[in-house]
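> here's my sequence, what's the structure:
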Amino acid sequence: MGLTKVAILTLTVLGMFAQDLLAQQWGTVTGRFIVKGKVAAQPGPLAIPANVAQFCGNQVPNPALQVGPKNELQNVALWLYLDRGQQAPKPHPMYAPLKQKAVEISNNGCLYVPHMAMVRPGQTVDFINFDPVPHNFKVEGFANPGINFLVPVAAKQAHVFADEERYPMNASCAIHPWMAGKIVIRESPYMAVSDEKGKFTIENLPVGTHKFQIWHEIPGNIKEMNLGGKAVKDRKGVVEIDVKPGQNDLGDIVIDADLLK
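Alright, predicted model coming up:
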């Protein structure tokens, strides 16, 4: 074998080794969603009929749009986005046992808790009723058949969604029509939803550049935002995130209040 071929073979092997080494490195991504400006029409409390207000409450906040005192935006979902034909990266081993753990979605105080749940196909979802009246769990999407079942007081109903959904499924209750929630069903575990402080965490991503789709139920895809001091525009709400080993804090991801009308 000539010297040139040996050199090429050596470089190829070293390249493969470097890729394997890189795949064993992981980074955790954090950030916070903030609203710029004043939301013109933040919804008021839900309209609760008087006959159920005794256990539902009469000042139940509308979870569709929750902006905190420091303009923190809650319930923003983000999930790994793959281009056509692209394979998802192999998840960190920590996610294997998590898929075996049931996700709990409860009716509590006549609200879906959590308002937005994160689920993987094949993972058990326990629909639980903590209220003193029966609730109807109705969930509709596109890839999965819809479900519609009654859960009595202090009972639960288990269900498994088999397929990934492109966008969050809608959850409602036919008995109490003001109740609504969202269920994100994605094959990759690399997804998150912002909390009451606008913060999110996605643990142990493979090092490298990844795309994420960002979504909120009022506008749908977040088509415009400021990320890392730079304006980002994309009709699908897709952003690129460069993940380095260890902690990766994106800081504030700023969304204009006009997008939340």
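
> from here on, just use CA atoms for contacts and neighbour counts.
OK.

> ok but residue 55 is inside a strand, no?
No: assessed by DSSP: H, G, I helix; E, B strand; the rest coil, residue 55 does not belong to a strand; its assignment is helix.

> gap between it and residue 149?
Distance, residue 55 to residue 149, using CA to CA, to the nearest Å: 22 Å.

> return the set of buried residues in stretch 83-103.
Buried residues in stretch 83-103, defined by neighbour count with 16 or more other CA atoms under 10 Å: 92, 99, 103.

> out of these, flag the one nearest to residue 47.
Closest approach between the buried residues of stretch 83-103 and residue 47, by CA to CA: residue 103, at 28.5 Å.

> so the closest residue in space to the closest one that isn't next to it in sequence bridges to which residues?
Taking CA to CA, 6 or more residues apart in numbering, and ignoring the residues beside it in sequence, residue 103 has residue 125 as its nearest neighbour in space, at 4.8 Å. Per DSSP bridges, the residues bridged to residue 125 are residue 103, residue 159.

> was I right about residue 125 contacting residue 99?
No: using CA atoms under 8 Å, residue 125 is not in contact with residue 99, being 10.7 Å away.

> just list whatever residues bridge to residue 211.
Each beta-bridge partner of residue 211 is listed here: residue 81, residue 240, as defined by DSSP bridges.

> check contacts around it.
When contacts are counted by CA atoms under 8 Å, 6 or more residues apart in numbering, residue 211 is found next to 80-82, 238-241.

> at 6 Å what do you get?
Taking CA atoms under 6 Å, 6 or more residues apart in numbering, we find residue 211 in contact with 81, 239-240.

> just send those residues back as a markdown table, with neighbour count too.
Listed next are the contacts of residue 211 as a markdown table, based on neighbours: other CA atoms under 10 Å:
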| residue | neighbour count |
| --- | --- |
| 81 | 23 |
| 239 | 21 |
| 240 | 14 |
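
> does residue 149 count as helix, strand or coil?
Quick answer, by three-state DSSP: residue 149 is strand.

> what's the neighbour count on the residue nearest to residue 103?
Here the count is done by other CA atoms under 10 Å, and residue 125 has 20 residues near it.

> how much space separates it from residue 249?
When distances are taken as CA to CA, residue 125 and residue 249 turn out to be 31 Å apart.

> again with residue 31
With distances taken as CA to CA, residue 31 is found 6 Å from residue 249.

> neighbour count winner among the two?
It is residue 31, of residue 31 and residue 249, that has more neighbours when counted by other CA under 10 Å, with 18 against 14.

> I'd assumed that one was in a strand, is it?
Yes: when three-state DSSP is applied, residue 31 is found to be in a strand.

> wait, it sits on residue 250?
Yes: using CA atoms under 6 Å, residue 31 is in contact with residue 250, at 4.9 Å.

> how near is the nearest residue to residue 131 once chain neighbours are set aside to residue 241?
Counting by CA to CA, 6+ apart, the nearest residue to residue 131 once its immediate chain neighbours are dropped is residue 108, at 5.6 Å. Relative to residue 241, residue 108 is positioned 36 Å away (criterion: CA to CA).

> over to residue 178?
Relative to residue 241, residue 178 is positioned 37 Å away (criterion: CA to CA).

> where do the helices sit along the stretch 51-200 of the chain?
For the stretch 51-200 of the chain, the helices defined by DSSP state H, counting those that start in this stretch cover 53-56, 95-99.

> including distance to residue 217 and mean pLDDT, could those go into JSON lines?
Converted to JSON lines, these look like this (distance: least, CA to CA, whole Å; pLDDT from 0 to 100):
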{"stretch": "helix 53-56", "distance to residue 217": "23", "mean pLDDT": "73"}
{"stretch": "helix 95-99", "distance to residue 217": "25", "mean pLDDT": "97"}
